[in-house]
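Enquirer: Pasting a predicted model and its sequence here:
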Amino acid sequence: MTAITLEEKLDRPLLFPGLTWEQFKTLEPMLDIPGIRLSFLEGILEIQKMPGRKHETAKGRIGALVETYMMAAGIDFTPTESLPLENESRLVKCEADKSYELGADR
């Protein structure tokens, strides 16, 4: 008998509507699984598999172009990669594939 992992079952995101922020924060550590990404917005928990190699390669190339442009244009930026963004007052948590902080004040 072979165990099937959650990551192997996720061919598309799973959505769980109707959760409170407190319920999400309770579930979050239990769903901290390598290869799985969680997002929460407007009471909906989304569980999805991390993108694969093709996606990561494209992300890297696009990021290099964006960074080259910003350097040439003199835009002050700091790469923050896939930094999770969380705002409890707005009841949202997400993680971008690649992100930047722009400007001197950030």
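Expert: On my side now, so go ahead.
Enquirer: Return the distance of the residue nearest to the spatial centre of the chain relative to P84.
Expert: By C-alpha atoms, centre = their mean, the chain has its centre lying nearest to E95, at 2.3 Å. Going from E95 to P84 by C-beta to C-beta, to the nearest Å gives 5 Å. Where C-beta positions appear, they are placed from N, C-alpha and C, glycine not excepted.
Enquirer: now A73
Expert: Taking C-beta to C-beta, one finds A73 at 28 Å from P84.
Enquirer: Looking at those two, which is more packed in?
Expert: P84 (12 against 8; other C-beta atoms under 10 Å).
Enquirer: which residues of this protein fall in strands?
Expert: 14-16, 36-41, 44-49, 77-81, 84-87, 92-95, 99-102 (DSSP state E).
Enquirer: Distance from the chain centre to the fourth one, please.
Expert: Distance, stretch centre to chain centre, for strand 77-81: 15 Å (C-alpha atoms, centre = their mean, to the nearest Å).
Enquirer: Alpha carbons of that strand, in PDB - could you do that?
Expert: Output of strand 77-81 as PDB, limited to C-alpha atoms (Å, rounded to 0.1, in the frame of the first residue of the first chain):
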ATOM      1  CA  PHE A  77      14.100  48.600  -5.300                       C
ATOM      2  CA  THR A  78      14.700  45.700  -3.000                       C
ATOM      3  CA  PRO A  79      13.900  42.100  -4.200                       C
ATOM      4  CA  THR A  80      11.700  40.400  -1.500                       C
ATOM      5  CA  GLU A  81      11.300  37.200  -3.500                       C
END
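Enquirer: Please name the strands paired to that strand in the sheet, noting orientation.
Expert: Paired neighbours of strand 77-81 in the sheet (DSSP bridges): strand 99-102 (antiparallel).
Enquirer: The top helix by length along the chain relative to strand 77-81, how many degrees between them?
Expert: Taking DSSP state H as the criterion, the chain has its longest helix at helix 53-73. Calculated by axes from the mean of the first three to the mean of the last three C-alpha atoms, to 10 degrees, helix 53-73 forms an angle of 170 degrees with strand 77-81.
Enquirer: Could you give the bridge partners of V92?
Expert: According to DSSP bridges, beta-bridge pairing links V92 with L41, N87.
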